[in-house]
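**Q** below are the sequence and a predicted model for it; my questions follow.
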Amino acid sequence: MTAQTIDPALAAAAAAATAAGHAPVMPGEAVGALLDGASDDLLAGVWLDGTMGAGGYARAILARIAPHGGRLIALDRDETAHAAAAGWAAAWGDALRLVDGAFSALDEHAGGPLSGVVLDIGVSSMQIDQDLRGFSFMRDGPLDMRMAAHGPTAADLIATAGEEELAAILFHYGEERASRRIARTLVAERAIAPIASTARLARIVASCLPRPKPGQINPATRSFQALRIAVNDELGELVRGLCAAERALTPGGRLSVVTFHSLEDRIVKRFIQMRSDDAPTGSRHAPVAKGPSPTFSRLTRKAITASADEIAGNSRARSAHLRAAIRSAAPADPRDPMTREVLRALGAPDIPALQAPLLRIAG
Ligand SMILES: C[S@@+](CC[C@H](N)C(=O)[O-])C[C@H]1O[C@@H](n2cnc3c(N)ncnc32)[C@H](O)[C@@H]1O
């Protein structure tokens, strides 16, 4: 693990959250898609979990690869995940290497070929359940929302973004239909006093929307999700992470990705489709130019979703989609994925006026 100082309060909160239990979503399916049918050579190789969280997937992978001499790199950009890993990681000795970093650079973190990559995108209960992290409208705390301990917070974003930019974030990343009204109110409210707490943000958002009927979600849900996605550049991370996996995976290696949001699922679906041997060829009138040789073949034709039993026990599983693919021997596509053309093809929202921390568009 990269040396770092972990705030004792965060470490204690992470330990408590782990004890309370982050239930991994579709662990059998996600790890099965990664490992079932893998050759002995692959099993003995190096695997990477790009979103370690509470280590549910990581431990399941280790249990299957360690007997074959396989090793796992477990990555997370949140120091509390690393603090929580102190409780279980040592038992795996040299079979496990913990890395504090983002999965967009997973090939650089790995430093060599990988047998498989699993990504379980989004936030963990360890993050949501800590008031100090500012992810939840259910808990009052500082309006932070960062997974890593650096970069602008949600409070910074709200304080500095233009009204149009805020509206675009809320609309595209949260599918919030009242995005313009909320953005206008945020700009008016921040002129009175900085919007620095989750409770104040939740009150402002609620004031812009009709009172929810019984059974409807909290009106702040969409806005909190949108700001979290923007603060953590989650879509940019995903696009870069998929390309990094393409660069790092050895022929026959597996990619298994679980998403919780339709925007993310669309990106994963289209990425695998574009890179696979059954990519759409277009019509006679509008043929799609043939790209480089396919780098993946699909393992899942339709996304796998959680069973009714799992959803009954863990409501987070409701929106989960799992897609998986096998790497071919063709060279990785060397082109920069962060161009408007590629992002459009992947179905990522096209918000050209926007700057970092949103999708950073190179051209
Ligand atoms: C849903 S949880 C993963 C849970 C995990 N599969 C388990 O079994 O416990 C997602 C984790 O991924 C981390 N994460 C999200 N985006 C990341 C990124 N771009 N790079 C590295 N870690 C990331 C979050 O900090 C969080 O801990």
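**A** Right, received. Where do you want to start?

**Q** which bits of the stretch 201-350 of the chain sit near the ligand?
**A** Glu237 (Cβ under 6 Å from any ligand atom). No exception for glycine: its C-beta is placed from N, CA and C like everyone else's.

**Q** now do the helices in the stretch 201-350 of the chain.
**A** 221-231, 234-248, 262-275, 308-313, 340-346 (DSSP state H, counting those that start in this stretch).

**Q** nearest residue to the single nearest residue of the stretch 151-300 of the chain relative to the ligand in space, ignoring adjacent ones along the chain?
**A** Using Cβ to the nearest ligand atom, the single residue of the stretch 151-300 of the chain nearest to the ligand is Glu237, 3.7 Å away. Using Cβ to Cβ, 6 or more residues apart in numbering and skipping the chain neighbours, the partner closest in space to Glu237 is Ser104 (4.8 Å).

**Q** could you do Met145 as well?
**A** Closest to Met145 by Cβ to Cβ, 6+ apart is Ala154, at 4.1 Å.

**Q** so how far is Thr160 from the one you found?
**A** 11 Å (Cβ to Cβ, to the nearest Å).

**Q** what's the closest non-adjacent residue to the residue most central in space within the chain?
**A** For the chain, Ile121 is the residue whose C-alpha lies nearest the centre (Cα atoms, centre = their mean; 2.8 Å). Among residues not flanking Ile121 along the chain, Thr259 sits closest, at 5.0 Å (Cβ to Cβ, 6+ apart).

**Q** returning to what we had before: settle this for me: the residue of the stretch 151-300 of the chain closest to the ligand is touching Phe103, isn't it.
**A** Yes. Under the criterion of Cβ atoms under 8 Å, Glu237 makes contact with Phe103 at 6.6 Å.

**Q** more neighbours: which of those two?
**A** Phe103 (26 against 23; other Cβ atoms under 10 Å).

**Q** tell me how far that one lies from Ile128.
**A** 20 Å.

**Q** can you get me a residue count around the residue nearest to Ile121?
**A** Neighbours around Thr259, by other Cβ under 10 Å: 24.

**Q** am I right that it is in contact with Val268?
**A** Yes. Applying Cβ under 8 Å, one finds Thr259 in contact with Val268, separated by 5.8 Å.

**Q** overlap of the contact sets of these two?
**A** Counting by Cβ atoms under 8 Å, 6 or more residues apart in numbering, the shared contacts of Thr259 and Val268 are Leu238, His321, Arg323.

**Q** so the first one is in contact with Leu263, correct?
**A** No. The pair Leu238 and Leu263 does not pass the contact test of Cβ under 8 Å, sitting 9.0 Å apart.

**Q** who has more neighbours out of these two?
**A** It is Leu238, of Leu238 and Leu263, that has more neighbours when counted by other Cβ under 10 Å, with 26 against 19.

**Q** so what's the more buried one up against?
**A** Leu119, Ile121, Thr259, Glu264, Ile267, Val268.

**Q** residue boundaries of the strands in the protein?
**A** Secondary structure of the chain (DSSP state E): strands located at 46-49, 71-76, 96-100, 114-120, 249-259, 296-298, 321-327.

**Q** any chance of those in a markdown table, plus mean pLDDT and distance to Ala33?
**A** Formatted as a markdown table, the strands of the chain follow (pLDDT from 0 to 100; distance: least, Cβ to Cβ, whole Å):
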| stretch | mean pLDDT | distance to Ala33 |
| --- | --- | --- |
| strand 46-49 | 98 | 13 |
| strand 71-76 | 98 | 16 |
| strand 96-100 | 97 | 21 |
| strand 114-120 | 98 | 8 |
| strand 249-259 | 98 | 4 |
| strand 296-298 | 96 | 11 |
| strand 321-327 | 98 | 4 |
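
**Q** low-confidence regions, the stretch 1-150 of the chain specifically.
**A** In the predicted model, the stretch 1-150 of the chain carries pLDDT under 70 at residues 1-21.

**Q** run the last query once more with 80
**A** Applying pLDDT under 80 to the stretch 1-150 of the chain flags residues 1-22.

**Q** do the stretch 251-363 of the chain as well
**A** In the stretch 251-363 of the chain (pLDDT under 80), the answer is 277-292, 350-363.

**Q** contact partners of stretch 132-140?
**A** Contacts of stretch 132-140 (Cβ under 8 Å, 6+ apart): 9-10, 13, 123, 127-129, 131, 141-146, 153-155, 197-199, 201-202, 205, 218, 220-221, 224, 228.

**Q** buried ones in that stretch, by neighbour count?
**A** Arg133, Gly134, Phe135, Ser136, Phe137, Arg139 (16 or more other Cβ atoms under 10 Å).

**Q** could you chop this structure up by domain?
**A** 8-125+235-346, 149-231 (automatic domain parsing).

**Q** what's the end-to-end length of the shortest one?
**A** Which is domain 149-231. End-to-end distance for domain 149-231, by Cα to Cα, to the nearest Å: 12 Å.

**Q** with stretch 145-162 instead?
**A** 19 Å.

**Q** could you list the buried residues of it?
**A** Met145, Arg146, Met147, Ala149, Pro152, Thr153, Ala154, Ala155, Asp156, Leu157, Ile158, Ala161.

**Q** ok, now stretch 28-48?
**A** 29-35, 38, 42-43, 45-48.

**Q** if we can go back for a sec, next, format the helices of the stretch 201-350 of the chain as TSV and append distance to Leu170.
**A** Formatted as TSV, the helices of the stretch 201-350 of the chain follow (distance: least, Cβ to Cβ, whole Å):
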stretch	distance to Leu170
helix 221-231	5
helix 234-248	15
helix 262-275	13
helix 308-313	27
helix 340-346	19
